[in-house]
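[1] Mind folding the following:
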Amino acid sequence: MRIIGLNYGLHDQSIAIIENNEIILSHEMERETRIKKNYIFHKAVNHEIFFSESNRVLYERFLKETKPDDVIAIAGFADTSNSLDTKIHTMINYKKIDLGDTIDSWRNFNNYIIKDKVYHITHHFAHVAYAYFTNPFDEFDVLSYDSTGRWYSAIFLNSEDNVIVDLSYELNLGSLWLFSSWHLRGMEHVDDAGILMGAAAYGEVNLEVYDFLKTFIKKRVIDPMRPGWGSIQGKSQEEKMGVFSDFFTDANKLNKGNDRYKFYFDYCHTLQKVSEETVMELMKPLQKSKNLCTVGGCALNGYINMKLHDLYDEVYTPPACHDAGLSLGVALHANWKLNKNKKIKNKNIAYLGKEYSVTEELVKQLCMNTNN
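    Below you'll find the model as predicted:
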């Protein structure tokens, strides 16, 4: 049974194809559009702009690749309100699934829903699946932790029992980095956690920031339908943002007249320290294996991955651990459940995208772009 995995909508749009237990394509649309962070949601006016170039290219690729008997595997449960999603929904005869009353069914990694050849697992299960089915280990732990999202934005499980341990309350570091980037660099740079991580090397611990971040994590009260966003002591999302705004207003006053970069670097350094401490404190009692797979947006934090070697002999992070890996993750999960294949034939999953040939014209174009 051939399976096409899709991740479409907000960002990191991608497509994956599994046939005869072999991954024959795993491709992110950014590779074709050459547009980095293409969603740029703060400039959106309506859905036609909100879901623009990368989703258009994905739709065209889907038209080219799909066959009548394919099973379509979708990471998450798609929004039916925008026109591009509707085009794909029409093609695959998509029936909207309301999971508001079925959250208990997502407490085990074995669970899935299939309806009219459309296969579903949640967004965060797709993250787990991507690492679960591509790692080189016989037994292992998985840590998946993301920025935000509906149901289990942070997950721990062991390969022996596949039982989900929900860490959304204790380990929602992604939103902490998101809010920090927003306030340090501005709304248009809300997704610049990587830059903050790099800046951490230039700072030192700021005790005021340390206390603020520790308190923020401890006071989280999670909305059961959107644990990734959650709230602080029952506060709304807007009020929670206000907590950050108030802190930065006071902190900027305290640092008035000082080197304007010092607070920035010290904040980043302290944020990294708090993140490392939080992960290590949670993982010590959970550890069941000597091998660990990390996945999700937060798995891009190389400092934490290095720190986890203090607990684990081996730490594996797949190459597209961010949302671009969701299409392959959901396809691999479907391959496991529908085709009964737990291990894929591919030994290396880093080179599964579109092939490019190096021509003299391409080299000249690249050189021109570099000079400009």
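
[2] ranges for the helices of the stretch 101-250 of the chain?
    Ranges of helices in the stretch 101-250 of the chain, per DSSP state H, counting those that start in this stretch, are 123-132, 173-185, 193-199, 207-218, 237-254.

[3] Could you point out the helix or strand that follows the last one?
    If you walk from helix 237-254 toward the C-terminus, the next helix or strand you reach (DSSP states H and E) is helix 260-286.

[4] what's the distance between K345 and K67?
    20 Å (CB to CB, to the nearest Å). Just so you know, the C-beta spots here come from the backbone N, C-alpha and C atoms, and that holds for glycine as well.

[5] quick one on the thing from earlier: between the helices of the stretch 101-250 of the chain, which one is closest to Y316.
    Nearest to Y316 among the helices of the stretch 101-250 of the chain is helix 123-132; the distance by CB to CB comes to 6.9 Å.

[6] Need the mean per-residue confidence for that closest one.
    Helix 123-132 carries an average pLDDT of 92.

[7] neighbouring contacts of that helix?
    Contact with helix 123-132 is made by 7, 75-76, 106, 109, 121, 142, 144, 146, 149-153, 155, 157, 159, 293-296, 316-318, 320-321, 325-330, 332-333, 336, as judged by CB atoms under 8 Å, 6 or more residues apart in numbering.

[8] Next, the distance between the ends of stretch 293-309.
    Distance across stretch 293-309, first residue to last, is 11 Å (CA to CA, to the nearest Å).

[9] ok but I23 is inside a helix, no?
    No: with DSSP: H, G, I helix; E, B strand; the rest coil as the criterion, I23 is located in strand rather than a helix.

[10] ok, it - contacts?
    By CB under 8 Å, 6+ apart, the contact set of I23 is A16, I17, L328, A331, I344, N346, I349, L352.

[11] coming back round to it: highest mean neighbour count out of the helices of the stretch 101-250 of the chain?
    Comparing these by mean neighbour count (mean count of other CB atoms under 10 Å), helix 123-132 comes out on top with a mean of 28.

[12] Now that helix - C-alpha only, PDB.
    The C-alpha atoms that make up helix 123-132 are tabulated as PDB, following Å, rounded to 0.1, in the frame of the first residue of the first chain:
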ATOM      1  CA  HIS A 123       0.600  16.800  15.000                       C
ATOM      2  CA  HIS A 124       2.800  15.900  18.000                       C
ATOM      3  CA  PHE A 125       2.400  12.100  17.400                       C
ATOM      4  CA  ALA A 126       3.700  12.700  13.900                       C
ATOM      5  CA  HIS A 127       6.800  14.300  15.500                       C
ATOM      6  CA  VAL A 128       7.300  11.300  17.700                       C
ATOM      7  CA  ALA A 129       6.800   8.900  14.700                       C
ATOM      8  CA  TYR A 130       9.500  10.700  12.700                       C
ATOM      9  CA  ALA A 131      12.100   9.900  15.300                       C
ATOM     10  CA  TYR A 132      10.600   6.600  16.400                       C
END
